[in-house]
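Peer 1: pasting the sequence and the predicted coordinates here, then a few questions.
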2 protein chains.
Amino acid sequence: MFAPRSIKHCRACGGAVAYRTPADDNRERATCTVCETIHYENPLNVVGTLPVWGEKVLLCRRAIEPRHGLWTLPAGFMELGETTEQGALRETVEESGAHVALEGLFSLINVVRVGQVHLFYRARMLDDDFVPGPESLEARLFDEAGVPWDEIAFRTTRMTLEFFFADRRANRFVLHTADVG
Amino acid sequence: MFAPRSIKHCRACGGAVAYRTPADDNRERATCTVCETIHYENPLNVVGTLPVWGEKVLLCRRAIEPRHGLWTLPAGFMELGETTEQGALRETVEESGAHVALEGLFSLINVVRVGQVHLFYRARMLDDDFVPGPESLEARLFDEAGVPWDEIAFRTTRMTLEFFFADRRANRFVLHTADVG
């Protein structure tokens, strides 16, 4: 999560940190006042899928904060040691228990305020046998009319769903890029 | 840069950190033995452009390590407070001094070994007036035959250039996704 100026101590030596602009840089960085290590803070990727089964899409109802009880697409923070695709698949299995095949990057949405980039892949469900994981209260298939639009957890989920239904009506899927504040 | 298990001290309190698997997690995280803060480590985005002027592309020769003296596309770590597009534009200005208009995401390449995702945008140069910044020894326009293929700094630069020239021959540009080890 984007928490500017949240670094108080050096991860290398434990010394106190001060925010200073390094000589070869143009913005303030958390710099150790003891060992001079510079600690960079950068945006993180959230990776997930839009699982599709026939006319329906799979949503998960969140069992965790934030937005407990609201509906979302399976997604979570990308981890070290995996690709964006592997992360999207992992999150899909962990949160929805669905078996899917990825069908290409579908949306890339910058969420500047929290320092995140959300990447969603279209995914073809291989069967309709899914068991939600511990981070989901339930997982359920919805057709467009049935999507609980008033109970969607995140703007990027809503936008990705809207892009999907619009593209399906147009009978062609393209990459959608967008920014939210 | 991907430096696994590099956290020795807590950024919040300075206490010693141990790598442990939190109760609701499935991998080891740097966990403070004093205040119990969990420190996550995740991949970072590198954002840049492929600047095009007529038949030519703009490359920069690196004035910094790694790969000092080798040629690359303008790119660097995405910063907090900016979108992927804004970061790509900023890096282009900083490293090449070129004036460009972005023309869409062109490549997304996972570099798993170093925990990075490289995102390149095609960019139309608005003029051929460019002044390289302090991180570049020089910037120069190359046609395809002139590209110094044996002196390219990074695999993701090479791949993005290869995708570009192939797409240009095919007279259509699409998003390219790839993974390198």
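Peer 2: The structure has been received and is ready for your questions. Residues are numbered from 1 along each chain as shown, chains lettered A, B, ... in the order given.
Peer 1: make sure residue A:93 is indeed in a helix.
Peer 2: Yes - the assignment for residue A:93 is a helix, going by DSSP: H, G, I helix; E, B strand; the rest coil.
Peer 1: got any ranges where chain A has weak pLDDT?
Peer 2: A:1-4 (pLDDT under 70).
Peer 1: strands of that one, start to end?
Peer 2: Along chain A, the segments classed as strands by DSSP state E run A:17-20, A:29-32, A:38-39, A:44-53, A:56-62, A:71-72, A:75-77, A:100-111, A:116-125, A:136-142, A:176-180.
Peer 1: for the third one, name the packing helices and strands.
Peer 2: What that stands for is strand A:38-39. strand A:29-32 (3 or more Cβ pairs under 8 Å, 6 or more residues apart in numbering or on different chains; DSSP states H and E). All C-beta spots, glycine's among them, are computed from the backbone N, C-alpha and C.
Peer 1: in terms of secondary structure, what does the strand it packs on contact?
Peer 2: Counting contacts by 3+ Cβ pairs under 8 Å, 6+ apart, strand A:29-32 is packed against strand A:17-20, strand A:38-39.
Peer 1: quick one, which of the ones you listed gets closest to residue B:65.
Peer 2: Residue B:65 lies closest to strand A:38-39 among the helices and strands packed on strand A:29-32, at 15.1 Å (Cβ to Cβ).
Peer 1: contacts for that closest one?
Peer 2: Identification of contacts with strand A:38-39 by Cβ atoms under 8 Å, 6 or more residues apart in numbering or on different chains yields A:7, A:10-11, A:17, A:22, A:29-32, B:11.
Peer 1: find the pair from those residues with maximum spatial separation.
Peer 2: Top of the distance list for these (Cβ to Cβ): A:22 and B:11, 18.1 Å.
Peer 1: neighbour count winner among the two?
Peer 2: residue B:11 (22 against 12; other Cβ atoms under 10 Å in any protein chain shown).
Peer 1: distance of the most centrally placed residue in chain A relative to chain B?
Peer 2: By Cα atoms, centre = their mean, chain A has its centre lying nearest to residue A:46, at 2.6 Å. In this view, residue A:46 and chain B are 10 Å apart by Cβ to the nearest Cβ, to the nearest Å.
Peer 1: OK, contacts around the residue nearest to that residue when sequence neighbours are not counted?
Peer 2: What sits nearest to residue A:46 in space, not counting adjacent residues and going by Cβ to Cβ, 6 or more residues apart in numbering or on different chains, is residue A:118, at 4.7 Å. In this structure, residue A:118 makes contact with A:45-48, A:75, A:107-111, A:156, A:160, judged by Cβ under 8 Å, 6+ apart.
Peer 1: so what touches the longest helix along chain A?
Peer 2: Longest helix of chain A, by residue count under DSSP state H: helix A:155-170. Here helix A:155-170 makes contact (Cβ under 8 Å, 6+ apart) with A:46, A:50, A:52, A:57, A:71-73, A:75, A:106-107, A:109, A:111, A:118, A:120, A:122, A:144, A:147, A:149, A:152, A:173-174, A:176, A:178, A:180.
Peer 1: pull the distance from that helix to the chain's centre.
Peer 2: Mean-position distance between helix A:155-170 and its chain equals 16 Å (Cα atoms, centre = their mean, to the nearest Å).
Peer 1: quick one: the residue of chain A most remote from its centre from chain B, how far?
Peer 2: Relative to the C-alpha centroid of chain A, counting by Cα atoms, centre = their mean, residue A:34 is the outermost residue, at 36.1 Å. Distance of residue A:34 to chain B, given as Cβ to the nearest Cβ: 10 Å.
Peer 1: quick one, what contacts the closest residue in space to that residue that isn't next to it in sequence?
Peer 2: Take residue A:34 and drop its neighbours on the chain: the residue closest to it by Cβ to Cβ, 6+ apart is residue A:15, 3.0 Å away. Neighbouring residues of residue A:15 by Cβ under 8 Å, 6+ apart: A:9, A:32-35, B:14.
Peer 1: one more time with 7 Å, if that's ok
Peer 2: Counting by Cβ atoms under 7 Å, 6 or more residues apart in numbering or on different chains, residue A:15 touches A:9, A:32-35.
Peer 1: narrow those residues to those that are buried.
Peer 2: Among the contacts of residue A:15, those buried by neighbour count (16 or more other Cβ atoms under 10 Å in any protein chain shown) are A:9, A:32.
Peer 1: write out the residues of chain A neighbouring chain B.
Peer 2: Within chain A, the positions adjacent to chain B are A:2, A:4, A:7-14, A:40-45, A:77-84, A:105, A:108, A:110, A:112, A:115, A:117, A:175, A:177, A:179 by Cβ under 7 Å from any Cβ of the partner chain.
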